[in-house]
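Peer 1: Prediction below, plus the sequence it came from.
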Amino acid sequence: MKIVLIGIQGSGKSTQGNLLSKQLGIPYLSTGHIFREIAKKKTKLGGFVKLVMTSGLLIPDEKTIEIVNTYLSRSEYKKGYILDGFPRTPEQAKKFKNNIDKVILLEVPDKEALWRLSHRVGEEKRDDDTLDALRKRIELFHKNTSKVIKYYEDQGKIVTIDGTKDIKAVNKDILNSLGKKLVKNKIKDWKKDNKTLIAIVGLPGSGKTETADFFRNKKLPVISFGDILNDKISSDNNGHTIELHRKMRNDLRKKYGKEAFALLSLKKINNAFIDNMTVVVDGMRSWEEYIYLMKHLPSVKIYILSLFTDKSIRYERVRKRKERSKLYGPSRDVHEIIETNMGPTIAYADFMIKNNYSIEDLYDKLDHVYRVIYYS
């Protein structure tokens, strides 16, 4: 297994790298350590590396690639390794052809990292750990490495880990992301063995569609309750109005009860669970729908994910839609909360995400929620 650890200085890469090395039985290779060893030597290369490092800058790409490739050609790295500190730039990532299996991104706020680094003692303290140098390295990390992260995201190889947790918790999250777990100090294969349903709830314009797309990108099946109405109205060539949606929804609930949409979607949900451990429901509304799913899916853990967005922002988002752009306003909000009985469902949510900002902000928050659910 070939693993790359990415994170700002002070994020815990060295700690986790050494720990993983013992657990997985593969060597840990720190490019930072390699460079510092070279900097100690009385050579032209050593003097150059020392000057660059003490200034807080990065070693040039070509020289870094040359050094790393030389080390990785050694026999001890043929079966795998844990690489820390490389690649740091998009150019390095593109030229580094080494069949990386997984890239672990340890996320830690800048202030937390600076606090950790300023409290280093003994052998952990480095000659180049001046405050100005530390800040410059962190600034360069964000400037250069964001593109590296995007590069590996596009390849589906990156996993983001919350590095603010304690060492054992971070280690557990990393092992889980690699399909491993620690049992009585021995590493064993791990896989999700409990079925999970994530139910997305929220008022019009809160970001349910974008949230559903996020989970689709995770290769999870998404069952949309709203499609039952939308498909019917579109097939009849009727315009989407608040009045028509309300009438059709009420007709279905008179016939099947307030759990109507869960009842009519149950077969699709069960079919989705045949090949998947996690299924997503987009647009659950009533409390009765939740109770119905709890009753008819007794072996499935159901999580309610609620989205909150300020009214003015929600209304503006709906107005910009290509379809159903008139389905918003106080009247519809009240209908959703009271008549469809969405109020209790929102109030009982396991996770509440405020979605007032960018799609990137939403996806960052969803990624955290998904990790919590997936590894629970």
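Peer 2: Sure thing, it's come through.

Peer 1: which residues touch the residue lying closest to N144 once chain neighbours are set aside?
Peer 2: Excluding the flanking residues, the one nearest N144 by Cβ to Cβ, 6 or more residues apart in numbering is T89, at 4.8 Å. Bear in mind the C-beta positions are built from the backbone N, C-alpha and C, glycine included. T89 is in contact with 58, 61, 144-145, 147-148, counting by Cβ atoms under 8 Å, 6 or more residues apart in numbering.

Peer 1: which one of these is nearest S312?
Peer 2: K147 (34.6 Å; Cβ to Cβ).

Peer 1: what's near enough to touch the closest one?
Peer 2: K147 makes contacts with 89-90, as judged by Cβ under 8 Å, 6+ apart.

Peer 1: how close does it get to T89?
Peer 2: K147 sits 7 Å away from T89, going by Cβ to Cβ, to the nearest Å.

Peer 1: Give me the buried stretch members for the helix or strand that H245 is a member of, please.
Peer 2: Using DSSP states H and E, H245 falls within helix 242-256. Neighbour-count burial for helix 242-256, counted by 16 or more other Cβ atoms under 10 Å, picks out 242, 245-246, 248-249, 252-253.

Peer 1: and what of stretch 342-357?
Peer 2: 342, 345-346, 349, 351-353, 355.

Peer 1: Check stretch 259-275 too.
Peer 2: 259-263, 265-266, 268-269, 272-273.

Peer 1: so what are the domain limits for this structure?
Peer 2: Domain assignment of the chain by automatic domain parsing yields the ranges 2-189, 196-375.

Peer 1: pLDDT score for L175?
Peer 2: pLDDT for L175: 93.

Peer 1: same question but for K219, I mixed them up
Peer 2: On the pLDDT scale, K219 gets 91.

Peer 1: ok, then the element right after the helix ranked longest in the chain?
Peer 2: Identified as the longest helix of the chain according to DSSP state H is helix 131-154. Later in the chain than helix 131-154, the nearest helix or strand by DSSP H and E is strand 158-162.

Peer 1: so how far is that next one from its chain's centroid?
Peer 2: Distance of strand 158-162 from its chain centroid, counting by Cα atoms, centre = their mean, to the nearest Å, is 7 Å.
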